[in-house]
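[1] Next comes the sequence, and after it the predicted model I'd like to discuss.
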Amino acid sequence: MMNPHTPTLSSPHHLDFATSLTQWEYAPAPESVRPEIAERYGLFINGQFVEPQGSDRARSASEEPAYFPSINPATESTICEVAQGSAADVDAAVQAAREAFPAWAALPAKERGKYLYRIARRIQERARELAVLETIDGGKPIRESRDIDIPLAAAHFFYHAGWADKLRFAFPGSRAGETPAPLGVCGQIIPWNFPLLMAAWKLAPALACGNTCVLKPAETTPLTVLRLAEICQEVGLPKGVVNIVTGDGRTGEALVNHPDVNKIAFTGSTAVGKKIATTAAGTGKRLTLELGGKSPNIIFEDASLDQAVEGIIEGIYFNQGHVCCAGSRLFVQESVLDETIAKLKVRMASLRVGDPLDKNTDIGAINSRTQLNTIKHYIDEGRAEGAELHESTTSVLPDAGYWCRPSFFTGVQPSHTIAREEIFGPVLAVLSFRTPEEAITRANNTPYGLAAGVWTDKGSKIFEVASKLKAGIVWLNTFNKFDPTSPFGGFKESGFGREGGLHGLRGYVRC
Ligand code: NAD
Ligand code: MN
């Protein structure tokens, strides 16, 4: 039963509040820094930027163009061109990493650590430029790239710099005092939702453990990773230790197929992850996979609802919902369902969609037209299946660019497509439950197992529920909290292996 004194959206008090929120006028607060961007970028191989192979001779019409554009999703304009790395380019990068490996692995560990500290500090020094680039290239709000992506990327290098000369303490199972050996050349493939941060998650532990790397950023967001290549040059990182090969899925495939790669670390979709697992099987290559998710966010009736609503908002609208661990399935205890939905509507109406370079913006541009189409497809699907769409209409959307208003669906059945499949956009499916047992069963009823949120005032319930959720991460009375000391990774179709913390080091050593 709802408390009769609790204001809801239909009560006059709340309506006034909702209206006043949506009517607030903000003075625009555009970001003023405009980083220099070259017209085109080559590949970073053996410590140098090089043209992709074959770009010197005129490629015939049947051949691949050597460069492709990176688009600003908020304006649809081309920012610059980047190289489409071929199998020959990947081969050159792997060779450079192979040649660099023995010396890098043999370097005194504290010297390796010093390089990582330098990279971390340089990321901090160039933070503003990196944040603006991240926002221009990927569409995320400057507030997020500035306060989350870039500082966390630096934090990952700092954290792993500290591990470099302490690895012999990291694995008590290995022979006493012995530092575990690195794997060799690591091929690392990352997605577009947290470009620099994902590069840091991949490179920092690999380098700390003494491996060398070939990293492929996603095709829509290569720019900050290319700046990271510049930073590697600035700090004097020995050539070949980090190589960056831009390009699309075919470039990634060439890296996965390369016979001289010892380990593949992949973050991306479950579909591509499965393909990579098949290719790598039987080759002796080590493999870690960070894949998709459909994470539950569970609100019990005894939770502080206002806090929980903040957690719901953070869980699904952070980074336009382009978050593998997004709290995209909301489970609310039936007794507080109406109240939660009323509060959620009001809070959602206060979110501002628009220019990602404006510091007031909460929800930026969808990363690509393809992703926008995917999200729209799911919204249509949700309606067709009979769920009810609630969409915030507060913001006036810009004419150009890829935009999606924040929304949630009520009347969702566990069998609905929008409750089962990953949407990867600002669209939430709201479901309900009566008992803790039902919450656990419903939350676990998914092929994924990346993260979960539990909101309750009762410590005993936290333990009881959290220990039964099949998820790599369970957040308690919070959501989407990231820290380099804390391992991140999935169960089931969300992948295997951990990134961050002590557990993350395990993926980069022989032990
Ligand atoms: P994607 O799988 O299409 O692409 C990811 C990367 O793999 C890109 O760099 C792409 O170029 C490359 N790639 C594509 N096909 C390939 C192939 N056959 N062989 C090798 N590489 C290939 O995914 P996406 O659309 O870029 O990213 C969205 C997905 O990533 C979502 O499903 C999301 O859940 C997942 N994701 C997971 C995590 C995590 O840590 N678990 C983090 C971020 C994103
Ligand atoms: Mn782009």
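    On my side now, so go ahead. Ligands and ions are numbered 1, 2, ... in the order given.
[2] Write out the residues of the protein neighbouring ligand 1.
    Within the chain, the positions near ligand 1 by CB under 6 Å from any ligand atom are 189-193, 216, 218-219, 248-249, 252-253, 256, 267-269, 272, 275-276, 290-293, 324, 422, 424, 450, 490, 495. Yep, even glycine has a C-beta here, placed from its N, CA and C like the rest.
[3] Just the buried subset of those residues, please.
    Burial by neighbour count, judged by 16 or more other CB atoms under 10 Å, picks out 189-193, 216, 218-219, 252-253, 256, 267-268, 272, 275-276, 290-293, 324, 422, 424, 450, 490, 495 from the residues of the chain next to ligand 1.
[4] Could you break the chain into its assigned domains?
    40-291+497-510, 296-484 (automatic domain parsing).
[5] now those as a markdown table including mean pLDDT?
    Output for those, formatted as a markdown table (pLDDT from 0 to 100):
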| stretch | mean pLDDT |
| --- | --- |
| domain 40-291+497-510 | 95 |
| domain 296-484 | 97 |
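[6] Identify whichever of those domains lies nearest to residue 28.
    Smallest distance to residue 28 across the domains of the chain (CB to CB): 5.7 Å, for domain 296-484.
[7] gap between the two ends of that closest one?
    Start-to-end span of domain 296-484 (CA to CA, to the nearest Å) is 23 Å.
[8] And stretch 494-510, how far out from the chain middle?
    Between the centre of stretch 494-510 and the centre of its chain there are 16 Å (CA atoms, centre = their mean, to the nearest Å).
[9] OK, contacts around the residue in the stretch 151-300 of the chain that ligand 2 sits nearest to?
    Using CB to the ion, the closest approach of the stretch 151-300 of the chain to ligand 2 is made by residue 220 at 4.5 Å. Counting by CB atoms under 8 Å, 6 or more residues apart in numbering, residue 220 touches 70, 71, 73, 137, 138, 192, 367, 368.
[10] one more time with 10 Å, if that's ok
    70-71, 73, 137-139, 191-193, 195, 248, 367-371 (CB atoms under 10 Å, 6 or more residues apart in numbering).
[11] Same question for residue 501.
    Residue 501 sits in contact with 159, 163, 205, 483, 484, 485, 486, 487, 488, 489, where contact means CB under 10 Å, 6+ apart.
[12] Residue 69 touches residue 137, doesn't it?
    No. Counting by CB atoms under 10 Å, residue 69 does not reach residue 137; the two are 11.2 Å apart.
[13] excluding its backbone neighbours, what's nearest residue 361?
    Once flanking residues are discounted, residue 361 sits nearest to residue 141: 4.5 Å by CB to CB, 6 or more residues apart in numbering.
[14] and if you look at residue 121?
    residue 154 is the one closest to residue 121 (CB to CB, 6+ apart), at 7.7 Å.
[15] secondary structure element for the one you found?
    Residue 154 is part of helix 150-163 when elements are defined by DSSP states H and E.
[16] Show me what from the stretch 151-300 of the chain comes close to ligand 2.
    For the stretch 151-300 of the chain, the residues in contact with ligand 2 (CB under 5 Å from the ion) are residue 220.
[17] please redo it, this time with the cut-off set to 6 Å
    Within the stretch 151-300 of the chain, the residues that sit near ligand 2 (CB under 6 Å from the ion) are 220, 221.
[18] What of the chain?
    Residues of the chain that fall close to ligand 2, judged by CB under 6 Å from the ion: 70, 71, 137, 220, 221.
[19] Just read off the phi/psi values of the closest residue to residue 466 other than its chain neighbours.
    With CB to CB, 6+ apart as the criterion, residue 466 has its nearest non-adjacent residue at 4.4 Å, and that residue is residue 474. According to degrees, to the nearest 10, the main-chain angles of residue 474 amount to phi -120, psi 120.
[20] which element is the residue of the chain found nearest ligand 1 on?
    Nearest to ligand 1 in the chain, going by CB to the nearest ligand atom, is residue 252, at a distance of 2.2 Å. Here residue 252 sits within helix 249-257, counting by DSSP H and E.
[21] helices or strands up against that helix?
    helix 87-106, strand 185-189, strand 212-216, strand 263-267, helix 270-280 (3 or more CB pairs under 10 Å, 6 or more residues apart in numbering; DSSP states H and E).
[22] what's the angle from it to helix 87-106?
    50 degrees (axes from the mean of the first three to the mean of the last three CA atoms, to 10 degrees).
[23] so helix 249-257 versus helix 270-280, what angle?
    Angle between the axes of helix 249-257 and helix 270-280 is 40 degrees (criterion: the same axes, to 10 degrees).
[24] Export helix 249-257 to CSV, keeping only CA atoms.
    Extracted in CSV, the C-alpha atoms of helix 249-257 (Å, rounded to 0.1, in the frame of the first residue of the first chain):
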residue,chain,number,x,y,z
GLY,A,249,36.2,-5.5,-37.1
ARG,A,250,38.4,-6.9,-39.8
THR,A,251,41.5,-5.3,-38.2
GLY,A,252,40.4,-6.9,-34.9
GLU,A,253,40.0,-10.3,-36.7
ALA,A,254,43.5,-10.0,-38.1
LEU,A,255,44.8,-9.5,-34.6
VAL,A,256,42.9,-12.4,-33.2
ASN,A,257,44.1,-14.6,-36.0
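[25] The stretch 101-250 of the chain: strands as residue ranges?
    181-182, 185-189, 212-216, 242-244 (DSSP state E, counting those that start in this stretch).
[26] need those strands in a markdown table with distance to residue 201, can you?
    Shown next, in a markdown table, are the strands of the stretch 101-250 of the chain (distance: least, CB to CB, whole Å):
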| stretch | distance to residue 201 |
| --- | --- |
| strand 181-182 | 17 |
| strand 185-189 | 9 |
| strand 212-216 | 11 |
| strand 242-244 | 14 |
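[27] how about these, which one is nearest residue 511?
    The closest of the strands of the stretch 101-250 of the chain to residue 511 is strand 181-182. By CB to CB, the value is 8.2 Å.
[28] Outside of that closest one itself, list whatever touches it.
    By CB under 10 Å, 6+ apart, the residues outside strand 181-182 that reach it are 101, 104-105, 112, 167, 174, 206-212, 262-263, 508-511.
[29] Next, count neighbours for the residue nearest to residue 203 when sequence neighbours are not counted.
    Closest residue in space to residue 203, ignoring its immediate chain neighbours: residue 213 at 5.7 Å, by CB to CB, 6+ apart. Per other CB atoms under 10 Å, the neighbour tally for residue 213 reads 26.
[30] Tell me which of the residues of the chain next to ligand 2 fall in helices.
    Using DSSP state H, the subset of the residues of the chain next to ligand 2 located in helices is residue 137.
[31] now the helices for the stretch 401-511 of the chain?
    417-420, 436-444, 459-466, 501-505 (DSSP state H, counting those that start in this stretch).
[32] Redo those helices as CSV? Include distance to residue 118.
    Converted to CSV, the helices of the stretch 401-511 of the chain look like this (distance: least, CB to CB, whole Å):
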stretch, distance to residue 118
helix 417-420, 46
helix 436-444, 43
helix 459-466, 39
helix 501-505, 20
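[33] any idea how far residue 217 is from the nearest residue to residue 190 once chain neighbours are set aside?
    Of all residues not flanking residue 190 in the chain, residue 198 sits nearest, at 3.9 Å (CB to CB, 6+ apart). Per CB to CB, to the nearest Å, residue 198 is found 8 Å from residue 217.
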